[in-house]
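Asks: Sequence and predicted structure below; questions after.
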Amino acid sequence: MTPKKPKAGAAEAARKTRRPPGAAARSRPRRPGAATADPADARLEALAAERIAIEAVSPEIDGGRFPAKAVAGGHLAVEADIFGDGHDAIDAALLLRPAGTTAWTEAPMVLFDNDRWHGSITLPENRLYDYSIAAWRDLFASWRSEVSKKYGAGLAIGLEIEEGCRLVAKAAADGTRGTAEQRKALKRLDRELRAGTAEGDRFALLMGDDAAALMHQAGPRTNLTRHKVLQVFADRPAAAFSAWYELMPRSQSGDAGRHGTFDDVVARLPYVRELGFDVLYFPPIHPIGRTNRKGRNNSLIAEADDPGSPYAIGAAEGGHDAIHPELGSLEDFRRLVAAARDHGLEIALDFAIQCSPDHPWIRQHPEWFDWRPDGTIKFAENPPKKYEDIVNVHFYRDAIPGLWHALRDVVRFWIEQGVTIFRVDNPHTKPFPFWEWLIGEIRAQHPEAIFLAEAFTRPKVMKRLAKIGFSQSYSYFTWRNHKQELAEYLTELTREDCRHTMRPNFFVNTPDINPYYLQHSGRAGFRVRLVLAATLAGNYGIYSGFELCEAAAVPGKEEYLNSEKYEIRAWDWDRPGNVKDDVRLVNDLRRRHPALQDFTNIAFYNAWNDSILYYGKRTADLSSFLLFAVNLDPHNAQGAHFEVPLWEFGLPDEAAIEVEDLVTGSHFTWHGKVQHLWLDPRQRPYAIWRLIPPGAPR
Ligand SMILES: O=P(O)(O)O[C@H]1O[C@H](CO)[C@@H](O[C@H]2O[C@H](CO)[C@@H](O)[C@H](O)[C@H]2O)[C@H](O)[C@H]1O
């Protein structure tokens, strides 16, 4: 076959493009993203555009399967490794939008070290948000950096200036980014550059701050790369920072022979508030079953006047949406909720799904329960504990959707009565999909709802419950008493893989847990555990009686003797030897010092004594910086040399720093990094100091 003769003019065209005469003319380069005939070419083009890597994004929970947690009014801080090939300048932005909407708000990300970038953006509302990262090659920034180096080295930069002008011209022509105003200004700049003939004038314009700002705002984003869309749920602040007080409403009459009422609880509100708590939590307030009712001290035989365990929910009087008749009416309950609000307290209720054998649902919906071949229902247990007075529902088979809807409606019902905080009993014995669905359904209408998971179970199960939506989690704190185990546990909870999903609520005791440490520590131990709980975690709680140093136990067990779970008690709320002053102090400090309103900002410092836990909490800007030293040995005085973290303020080891003792109110100065402390449990087993940064007001 004879080769075709090149057309006239083709040789000239080939010369201009340095193409050998006769070689086929290449088709005009296509715009990226323009349709290609061959799908393989389209794939290649797409691949070729991926010049930016966005990796190791944090937070990104299980590859984006679950939303991260944050607080409305606070910030979402995101980090990622972002880099490209070669030396071009890279830029990146953090993107945010309310979930279900399309327009993104942007915040700049900045490089801080080793290709690691950081960005932060405010989460204005209590709701679910989408977030992502965009990154791109910034050709104009690259050009400026390169040309200024050449200029500095005295090299000729005529061609470079022309290249810079072309970048601006392209940006002005593109006109897809920035505001109308910025696009107009970019066109003006382009015109000025075209009009200017003097190299120096054009260079000055290109290197000016205005050009840099305009190109940043309205210039093109080359090789723009987007990370996948992730989600974050911004809770209301109480999800991350709250002090809980738990009491049994029926024990509030002051007379063990009289069942307490909601009005008795109203009378106790000033006491709870004066101690500085913000959440008042009640175990179940519903009618209690009679079948297999438990007697005092968990006995399997109840006397006629035994009130039974409040967790045995449901009787002839009603189930999960009914109120125990001796506590009062629904109207009385609403009055209590309103009165609590007037005292600055929020009521939290228990959401315990189990039913007593007398619960109306068993008759109305037998398909929601697990029947055995002999026609009986299996009793509940949380091995090794046995709960002979309750049965669990069955979540599958014919229970979908009826039971799921009924349980959701129970939560909705209590929300209608003004309650939006729920402590959920034993969530780990119910299916994960159920909780994810229920919490999602409730939050869609009530983003203010807070769910505390009472799941004392395997660590990974606890973490999964947090990931699927529980706002707070009971923790192992109750059993961590030694220096090393406390430090290790806090380190685990604040690690990257946990801090964005699980918010621990450090309860010092519960109606189910009378910790061995407290049984044997005397008053000093109560002060120790209180200070640890209130200062290590954002959320903490006490079960009433703790402030009175109540420790009487069922021998050999972590159970309270004569537990209120099975009988009505009357208490002397001014019992001598109480720790109410310590409770008031820590709750007041928590309110006044922002460093105490987070739990991820903890650092353990050196105090050379294994009985002294020494740690600090601070805000990012160091304006609130507190130090805590706690003698974990409730029986013996302990002393230690310890390090004042002067380095956190950029101070040398021999510097002086002003200190406020937050217990006594005194002010003094520490000279040098190593100091000495002495903590006698008979006087006070803890010290709390505020470091005053140099130059800051006292
Ligand atoms: O199983 P957990 O240790 O997580 O404890 C929680 O759930 C228990 C079952 O609801 C509950 O136990 C109490 O109520 C039971 C039912 O009435 C009763 O049989 C138990 O004796 C009683 O302790 C526990 O209080 C709750 O925190």
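Replies: Perfect, thanks for sending it.
Asks: contacts and neighbour counts: CA atoms only from here.
Replies: OK.
Asks: Where does the stretch 501-650 of the chain get nearest to the ligand, which residue?
Replies: Asp512 (5.5 Å; C-alpha to the nearest ligand atom).
Asks: which residues sit in contact with that residue?
Replies: 558-560 (C-alpha atoms under 8 Å, 6 or more residues apart in numbering).
Asks: Would you format these as CSV with neighbour count included?
Replies: Listed next are those as CSV, based on neighbours: other C-alpha atoms under 10 Å:
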residue, neighbour count
Glu558, 20
Glu559, 21
Tyr560, 22
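Asks: Just send these back as a markdown table, with pLDDT, distance to the ligand and secondary structure too.
Replies: Listed next are those as a markdown table, based on pLDDT from 0 to 100; distance: C-alpha to the nearest ligand atom, whole Å; DSSP: H, G, I helix; E, B strand; the rest coil:
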| residue | pLDDT | distance to the ligand | secondary structure |
| --- | --- | --- | --- |
| Glu558 | 97 | 11 | coil |
| Glu559 | 97 | 9 | coil |
| Tyr560 | 98 | 10 | strand |
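Asks: Pick the one among those residues closest to Leu585.
Replies: Minimum distance to Leu585 across these is 26.5 Å, recorded for Tyr560 (C-alpha to C-alpha).
Asks: Show me the beta-bridge partners of that closest one.
Replies: Beta bridges link Tyr560 to Ala553, judged by DSSP bridges.
Asks: Tell me, how many residues neighbour the closest residue to the ligand within the stretch 351-500 of the chain?
Replies: The ligand sits closest to Tyr387 of the stretch 351-500 of the chain, with a gap of 3.5 Å, by C-alpha to the nearest ligand atom. If you count neighbours by other C-alpha atoms under 10 Å, Tyr387 ends up with 19.
Asks: For it, list each beta-bridge partner.
Replies: The partner residues for Tyr387, given DSSP bridges, come to Ala380.
Asks: For it, list the residues it contacts.
Replies: Here Tyr387 is in contact with 379-381 (criterion: C-alpha under 8 Å, 6+ apart).
Asks: Pull the residues that contact the longest helix along the chain.
Replies: For the chain, the helix with the greatest residue count under DSSP state H is helix 516-536. The set of residues external to helix 516-536 that reach it, using C-alpha under 8 Å, 6+ apart, is 243, 477, 481, 490, 506-508, 540-541, 546-547, 549, 551-553, 557-558, 577-579, 582-583, 586-587, 590, 596, 599, 602, 630-635, 681-682, 684-686.
Asks: Can I have the buried ones of these as a ChimeraX selection?
Replies: Command for ChimeraX that selects the buried part of the contacts of helix 516-536, burial taken from 16 or more other C-alpha atoms under 10 Å:
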select :243,477,481,490,506,507,508,540,541,546,547,549,551,552,553,558,578,579,582,583,586,587,590,596,599,602,630,631,632,633,634,635,681,684,685,686
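Asks: Just the ones of the contacts of helix 516-536 in helices?
Replies: Per DSSP H, the contacts of helix 516-536 map to helices at 490, 582-583, 586-587, 590.
Asks: so where's this structure shaky on pLDDT?
Replies: Residues of the chain meeting the criterion pLDDT under 70: 1-36.
Asks: Residue ranges of each domain in it, please.
Replies: According to the TED database, the chain comprises the domains 49-234, 240-285+323-353+393-592, 602-692.
Asks: residues in this structure within reach of the ligand, list them.
Replies: Contacts of the chain with the ligand, taken as C-alpha under 6 Å from any ligand atom, map to 298, 309-312, 382, 387-390, 425-426, 512.
Asks: quick one: which of those is most hemmed in?
Replies: Tallying neighbours with other C-alpha under 10 Å puts Ala312 at the head of these, with 31 neighbours.
Asks: So what does that residue have for phi and psi?
Replies: Main-chain torsions, Ala312, degrees, to the nearest 10: phi -90, psi 80.
Asks: Show the contacting residues for it.
Replies: 288-289, 293, 354-356, 389-390.
Asks: Considering those, which possesses the most neighbours?
Replies: Each of the contacts of Ala312 was scored by neighbours using other C-alpha under 10 Å; the highest score is Ser356's, at 31 neighbours.
Asks: quick one: that residue from Leu327, how far?
Replies: Distance of Ser356 to Leu327, computed by C-alpha to C-alpha, to the nearest Å: 19 Å.
Asks: can you check Gly695 too?
Replies: In terms of C-alpha to C-alpha, Gly695 sits 57 Å off from Leu327.
Asks: Counting neighbours, go ahead and name the busier of those two.
Replies: Legend: neighbour count by other C-alpha under 10 Å for Gly695 and Leu327, higher for Leu327 (21 against 7).
Asks: For the closest residue to that one other than its chain neighbours, give me its contacts.
Replies: Once flanking residues are discounted, Leu327 sits nearest to Thr261: 4.1 Å by C-alpha to C-alpha, 6 or more residues apart in numbering. Going by C-alpha under 8 Å, 6+ apart, Thr261 touches 249-250, 252-253, 326-328.
Asks: contacting residues around whatever residue of the stretch 151-300 of the chain ends up closest to the ligand?
Replies: Residue nearest to the ligand within the stretch 151-300 of the chain: Asn298 (5.4 Å; C-alpha to the nearest ligand atom). Neighbouring residues of Asn298 by C-alpha under 8 Å, 6+ apart: Tyr566.
Asks: which phi and psi does it have?
Replies: In terms of degrees, to the nearest 10, the main-chain angles of Asn298 are phi 70, psi 20.
Asks: how near is it to Phe432?
Replies: Taking C-alpha to C-alpha as the measure, Asn298 falls 30 Å from Phe432.
Asks: do Arg258 as well
Replies: Taking C-alpha to C-alpha, one finds Arg258 at 41 Å from Phe432.
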